[in-house]
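Peer 1: here are the coordinates; sequence isn't available:
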Ligand code: VOV
């Protein structure tokens with residue numbers, strides 16, 4: 001049997017994708033729309049204070065294309081907190097104007113492929129910060145789920161630790177070329193959702209997503225072993241953009 005990589009886990013993640021029910025939104029009177037937006041604002045400030053207290057983080061982005069209209073990505077200490085947050089949000093008037101489009105449940109994960117042997121990663125402030133990250137306020141988000149292939153000669157889970165580590169090193173080197181341009185949050189979802197990982201990327205320039213993902217396609221770990229789900233890409237919903245989005 002191959003040796004399993006050791007993983008460290010941080011905050012739980014919920015990616016909550018919604019479509020806006022424009023028909024209902026336009027039919028609602030101005031008062032009802034104002035109540036809905038006020039309620040959304042108070043939830044956003046509540047989530048901001050959770051983030052200020054470093055007990056979680058939330059990102060809010062519009063989504064381009066027909067797969068969804070926006071995503072709320074929440075990070076919290078426990079699955080219970082994520083569930084409570086989701087239910088509270090669903091009870092709002094605002095949520096009545098949304099239709100669930102997609103969701104993804106996972107947990108922030110770091111593996112030990114690159115860890116120097118004999119060190120305790122939990123003593124490193126840098127590692128701890130990566131396990132419980134405050135999501136960047138960058139202009140764009142990209143999300144997709146992925147698996148490592150398990151087919152014939154391309155079975156990731158049958159490779160030795162050394163083979164996998166070598167490939168992950170090369171993967172990391174490509175990623176490092178995008179330092180300052182793309183920030184990645186890898187969340188593990190084995191046992192939680194339909195794929196093995198969620199990949200969430202943030203960038204100020206959306207084009208850097210294409211450059212990075214394309215370059216990685218040529219790297220062995222992605223070329224031979226990467227299977228990908230649906231891609232979602234979007235723009236950060238600042239207060240101003242939010243107002244524009246819902247004004248009719
Ligand atoms: C900004 C770019 C960037 C950088 C610097 C980076 C680096 C690293 C390092 C150093 C490590 C290993 C240690 C750890 O931290 O776990 C990883 C791990 C991982 N990655 Fe990565 N990755 C990036 C970016 C990045 C992308 C764009 C993708 C999607 C792949 C693609 O083809 O679309 C990805 C995937 C993953 C996955 C699924 C894992 C876990 C694999 C496992 O088997 O456990 N990743 N990644």
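Peer 2: Thanks, I have the structure now. Note that this is a predicted model, so its numbers are computed, not measured. Numbering: from 1, shown residues only.

Peer 1: and stretch 226-245, average pLDDT?
Peer 2: Stretch 226-245 shows a mean pLDDT of 98 in the predicted model.

Peer 1: got a list of contacts for it?
Peer 2: Applying C-beta atoms under 8 Å, 6 or more residues apart in numbering, the contact partners of stretch 226-245 are 17, 40, 59-65, 67-68, 70-71, 102, 137-149, 194-195, 206, 209, 216-217. Heads up, the C-betas are built off the backbone N, CA and C, glycines and all.

Peer 1: any quick PyMOL command for the buried ones out of these?
Peer 2: This is the PyMOL syntax for the buried subset of the contacts of stretch 226-245, where burial follows 16 or more other C-beta atoms under 10 Å:
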select buried, resi 17+40+59+60+61+62+63+67+68+70+71+102+138+140+141+142+143+144+145+146+147+148+195+206+209+216
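
Peer 1: keep the contacts of stretch 226-245, but drop any that are not near the ligand.
Peer 2: Restricting the contacts of stretch 226-245 to those adjacent to the ligand (criterion: C-beta under 6 Å from any ligand atom) gives 146, 148, 216.

Peer 1: and of those, the nearest to the ligand?
Peer 2: For these, the residue nearest the ligand by C-beta to the nearest ligand atom is residue 216; the value is 3.6 Å.

Peer 1: so for that closest one, what's the pLDDT?
Peer 2: 98.

Peer 1: now stretch 226-244: buried residues?
Peer 2: Buried residues in stretch 226-244, counted by 16+ other C-beta under 10 Å: 226, 229, 232-237, 242.

Peer 1: gap between the spatially most central residue of the chain and the ligand?
Peer 2: Per C-alpha atoms, centre = their mean, the C-alpha nearest to the average position across the chain is that of residue 200, at 3.8 Å. Noted for residue 200: a distance of 10 Å to the ligand, by C-beta to the nearest ligand atom, to the nearest Å.

Peer 1: name the nearest residue to that residue, sequence neighbours excluded.
Peer 2: The shortest distance from residue 200 to any non-neighbouring residue, by C-beta to C-beta, 6 or more residues apart in numbering, is to residue 185 (4.5 Å).

Peer 1: can you check residue 20 too?
Peer 2: Spatial nearest neighbour of residue 20, excluding adjacent residues (C-beta to C-beta, 6+ apart): residue 69 at 4.5 Å.

Peer 1: who's in contact with that neighbour?
Peer 2: Residues near residue 69 by C-beta under 8 Å, 6+ apart: 18-20, 62-63, 98, 101.

Peer 1: quick one: end-to-end length of stretch 189-202, please.
Peer 2: 19 Å (C-alpha to C-alpha, to the nearest Å).

Peer 1: what does that stretch rub up against?
Peer 2: 13, 15, 59, 73, 104-107, 109, 135-136, 138, 140-148, 182-188, 209, 212, 229.

Peer 1: please redo it, this time with the cut-off set to 6 Å
Peer 2: 104-106, 136, 138, 141-147, 182-188, 209, 229 (C-beta atoms under 6 Å, 6 or more residues apart in numbering).
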